[in-house]
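Trainee: I need the structure of the sequence given here:
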Amino acid sequence: GVEANEAVPGTPLQLVGRNFSAGGAGDEGARARVRVALRSADGRATALAVTAADRYSVVATVPGDLPAGDYTAWVHSGAGGAAGWGGGLRVHVARAAAWPAQTVSVRELGAKGDGITDDSEAFRRALATVERRGGGVIVFPAGTYRLTGVFKLPRRVVLRGEGKDLTWLKWPFTAPASAADFVPAVLSGTGEFGIERLSLMVRNAQTVVRNPVRDGGNRDKDGKDPKDGRDGKDGRDGKDGRDADKDGPRDVFLRELRIHYLPWSGRPSNNPERDPQWAFSRWGVVNGTDRDLAILLQGVDTVEISDCEVVGGARVLDVRNGRVTGNRFVYPMGTEWVDMGGEHLVFSKNHVDGVASWRPGTRPLRWLYGADNTTRNLGRGEREAFTFDVNRGLGAWREGRGRVEPWVGPVASVSGRTVRLGKGDIPTGAYRGFDALVVGGRGAGQFREIEDNDGQSLRVARDWDVEPDGSSVVLVSRLMRHCVFQRNTAEDVSAFFQMWGPLYDCTFDGNTVARSQGMWGLGGWRIQWLGNVLDGAVSYHTSVGPTGSTPERTAEYGYVGFTTSGRLAEMGRFEYARAAVIRGNHLSHGHRVLVMGSYGGPRKSLGFVAARDIVVDGNRIANSPVGIELDANVEGAVVTGNAFTQVEEPLRLAAPTKVHVIQAPAAAAPRTPGATEKSR
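Mentor: Numbers count the residues shown, from 1 in each chain. As a prediction, this is how the structure comes out:
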């Protein structure tokens, strides 16, 4: 029941932002210097004990006796005296909802756990017992419990074993006779359920753990999900993102859980196209939508996935508040991935063998924190790691309207919070909850959330800092915004932090990747690449990264920066990248800094400025044909303080008059003792 920006007395509170400390993770000095306080409405401050602190994240413990109520959170870095406090974030302190703690053991209801007996009926009796009680804990003592069929989890139920290696729930591993043998999900619940300290082994199912977004009526005749990848026309019922016919929160907790989802177990026949596995999922050769997944959670209020091992794809979308930490995600077929999206998400200390992506669904994608994750890609698939994957569909889903696409155009006039558009006629009400970003002219760089719109105007949620006017251009979209990714590592990936859509206010700091095409995006505003390490430029296959001069037509280099292209760049002539900082990165063996108004091919003028106000500062570039490349579509860039070692062409500037290159002052010659100074 605890949501974003809420805290529970006696538990940790994590604050994510910037400039909390100059120290990195593990810096005990930083932890000792940083202070955190919660200030009540009457001005009284309560100090919190800090347990971890670095530049972007602070973890502190809320006192167990702190009264419930509304507070503001404040952080002090240890410098600046009384003026050094920053914050004002609203935090609501409340008691957590208590789930029933009564336990029932499946052994007491007849389960054997001997790996031979079918224990399904004992499990069903346990589920019925806790449902009558309004919730509870079903205990599976050590053993292997054979189960068949599907099981619906009632609210506030927890399935608990004695440990991942001690308790196994195993569904039949017999070869399927037809695609119909793959049941929709072996465990499903509409919300408020948890699974912990056990292992699940499943073969003949479309998914293993699932929370159905919507029941009944909106399925294809063959039982598949609609082409939009959701249950129902828009994937949601109630306006708050919960099922209209179900009250209460949708909270899911998976802790110390192992899932071995192996629908492709076994050996294909000599005619694999005739196998049931081919009819189900092409033997895993192609990507599924809402099937071929170990975990499928959509529209969840609060989700925790911690200390789990997941073999098989995982999709967790439209989350309101989530923490995914300490897990290992493995994709044996190579075309599966961790697919996540929502708000207030922490993704930390996970290991991913395969692809991980972020994208909006029916909810926006914002307030993400990813730290200390590792990934190494597999031989199959696109080999992307931590990609913002929205190029396939830049729009967002609106109830009753399907997909609503972004819109860009000139501003006619602004009066307070009303923006009158200069052209076009957009559908009334379609862009409620979207963002209006000024991408050109007066007030560029600001965005405001849209409260409502009619055919010619937008009403934004708050006043502008600099009011746009007739010179302004506005992009109406669902921005992915407010992200911090630090200290993540990757190996053998086609791209690391690839941005396929419009990111806003995102920082990538201290990440390391070996053997890749780099870190880059097709557009973004207020993006920072700071202190990242990229070694060994490798292009793995076509269609990922810009085209180049290799026989495969892939780029012969890796890079940090922008190549403004894709569906976003088809919308018109405006600044797709603005106010970016590329600072303190270490690029070696074929990597460069690159900003250009295309996705490869000849560096030609597009006739408009595609990227503006780019700072390239203090980077170290070694063993590369080109150090820094800015094409003719870049204007107002500043290049200064960069160091080059064994770089054939340090600066490749297509329009040098549009770039400010600031050279470090030459060192003064040493003075000879006794010499007379003749001039200054």
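Trainee: by mean pLDDT, flag the weakest helix or strand of this structure.
Mentor: Lowest on mean pLDDT, DSSP states H and E among the helices and strands of the chain sits strand 396-398, with a mean of 57.
Trainee: buried stuff in stretch 265-281?
Mentor: Asp275, Pro276, Gln277, Trp278, Phe280, Ser281 (16 or more other Cβ atoms under 10 Å). Any C-beta I mention is one placed from the backbone N, CA and C, and that applies to glycine too.
Trainee: and stretch 615-626, by the same measure?
Mentor: Within stretch 615-626, judged by 16+ other Cβ under 10 Å, the buried ones are Val615, Val616, Asp617, Asn619, Ile621, Ala622, Asn623, Ser624, Val626.
Trainee: what segments of the protein are helices?
Mentor: 28-33, 120-133, 276-281 (DSSP state H).
Trainee: can you read off the pLDDT for Thr657?
Mentor: Thr657 carries a pLDDT value of 94.
Trainee: likewise Arg250?
Mentor: On the pLDDT scale, Arg250 gets 88.
Trainee: quick check: it vs Pro625, distance?
Mentor: 53 Å (Cβ to Cβ, to the nearest Å).
Trainee: which residue, other than its chain neighbours, is closest to Arg417?
Mentor: Val460 (4.9 Å; Cβ to Cβ, 6 or more residues apart in numbering).
Trainee: again, but for Asp70
Mentor: His92 (5.5 Å).
Trainee: dump the residue contacts of that neighbour.
Mentor: By Cβ atoms under 8 Å, 6 or more residues apart in numbering, His92 lies in contact with Asn5, Glu6, Ala7, Gly69, Asp70, Tyr71.
Trainee: show me how to select, in ChimeraX, the buried members of those.
Mentor: Those of the contacts of His92 that count as buried under 16+ other Cβ under 10 Å are selected in ChimeraX with:
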select :6,7,71
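Trainee: what's the closest of the contacts of His92 to Lys349?
Mentor: Ranked by distance to Lys349 (Cβ to Cβ), these are led by Ala7 at 21.4 Å.
Trainee: all the strands of the stretch 451-600 of the chain, residue numbers only.
Mentor: Taking DSSP state E, counting those that start in this stretch, the strands of the stretch 451-600 of the chain run over residues 457-460, 473-477, 480-486, 489-491, 495-496, 503-509, 512-516, 518-521, 524-530, 533-537, 558-563, 577-583, 586-588, 591-596.
Trainee: got JSON lines for those strands, with distance to Gly161 too?
Mentor: Converted to JSON lines, these look like this (distance: least, Cβ to Cβ, whole Å):
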{"stretch": "strand 457-460", "distance to Gly161": "51"}
{"stretch": "strand 473-477", "distance to Gly161": "45"}
{"stretch": "strand 480-486", "distance to Gly161": "34"}
{"stretch": "strand 489-491", "distance to Gly161": "32"}
{"stretch": "strand 495-496", "distance to Gly161": "36"}
{"stretch": "strand 503-509", "distance to Gly161": "39"}
{"stretch": "strand 512-516", "distance to Gly161": "37"}
{"stretch": "strand 518-521", "distance to Gly161": "40"}
{"stretch": "strand 524-530", "distance to Gly161": "43"}
{"stretch": "strand 533-537", "distance to Gly161": "41"}
{"stretch": "strand 558-563", "distance to Gly161": "45"}
{"stretch": "strand 577-583", "distance to Gly161": "48"}
{"stretch": "strand 586-588", "distance to Gly161": "46"}
{"stretch": "strand 591-596", "distance to Gly161": "47"}
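Trainee: out of those strands, flag the one nearest Arg320.
Mentor: Nearest of these (Cβ to Cβ): strand 480-486, 15.0 Å.
Trainee: who are the packing partners of that closest one?
Mentor: strand 366-371, strand 503-509 (3 or more Cβ pairs under 8 Å, 6 or more residues apart in numbering; DSSP states H and E).
Trainee: one more pass at 10 Å, please.
Mentor: On a contact count with 3 or more Cβ pairs under 10 Å, 6 or more residues apart in numbering; DSSP states H and E, strand 480-486 meets strand 12-16, strand 337-348, strand 355-358, strand 366-371, strand 435-440, strand 503-509, strand 524-530.
Trainee: export the fourth one to CSV, keeping only CA atoms.
Mentor: It stands for strand 366-371. Extracted in CSV, the C-alpha atoms of strand 366-371 (Å, rounded to 0.1, in the frame of the first residue of the first chain):
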residue,chain,number,x,y,z
ARG,A,366,9.9,9.0,-15.7
TRP,A,367,11.9,9.1,-12.5
LEU,A,368,14.2,6.1,-13.1
TYR,A,369,17.3,5.2,-11.2
GLY,A,370,19.6,2.5,-12.4
ALA,A,371,22.9,1.8,-10.6
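Trainee: in its sheet, which strands sit next to that strand, and in what direction?
Mentor: Using DSSP bridges, the strands paired with strand 366-371 are strand 337-348 (parallel), strand 480-486 (parallel).
Trainee: pLDDT on it, on average?
Mentor: pLDDT averaged over strand 366-371 gives 96.
Trainee: from the chain's centre, how far out does that strand sit?
Mentor: Taking Cα atoms, centre = their mean, to the nearest Å, the mean C-alpha location of strand 366-371 is offset from the chain mean by 6 Å.
Trainee: again with the longest one
Mentor: Centre-to-centre, strand 337-348 and its host chain are 4 Å apart (Cα atoms, centre = their mean).
Trainee: the nearest residue to Gly69 once chain neighbours are set aside: neighbouring residues, count only.
Mentor: Excluding the flanking residues, the one nearest Gly69 by Cβ to Cβ, 6+ apart is Val93, at 6.0 Å. Using other Cβ atoms under 10 Å, Val93 is surrounded by 20 other residues.
Trainee: does Val93 touch Gly64 like I think?
Mentor: No. Val93 lies out of contact with Gly64 (Cβ atoms under 10 Å); the separation is 11.2 Å.
Trainee: common neighbours of those two, please.
Mentor: By Cβ atoms under 10 Å, 6 or more residues apart in numbering, Val93 and Gly64 have these common neighbours: Val8, Pro9.
Trainee: picking up where we left off before, save the helices of the chain as TSV, and put in mean pLDDT and distance to Ala22 too.
Mentor: Shown next, in TSV, are the helices of the chain (pLDDT from 0 to 100; distance: least, Cβ to Cβ, whole Å):
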stretch	mean pLDDT	distance to Ala22
helix 28-33	84	7
helix 120-133	97	50
helix 276-281	83	50
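Trainee: just the pLDDT at Pro176, thanks.
Mentor: 89.
Trainee: follow-up on the earlier one: pull up the gap between the residue nearest to Gly69 and Phe574, please.
Mentor: With Cβ to Cβ as the criterion, Val93 and Phe574 are 44 Å apart.
Trainee: with Gly510 instead?
Mentor: On the measure of Cβ to Cβ, Gly510 and Phe574 end up 32 Å apart.
Trainee: please identify which of these two sits among more neighbours.
Mentor: Higher neighbour count among Gly510 and Phe574: Phe574, with 24 against 21, using other Cβ under 10 Å.
Trainee: residues near the closest residue to Thr103 other than its chain neighbours, how many?
Mentor: Once flanking residues are discounted, Thr103 sits nearest to Val137: 4.4 Å by Cβ to Cβ, 6+ apart. For Val137, the neighbour count with other Cβ under 10 Å is 20.
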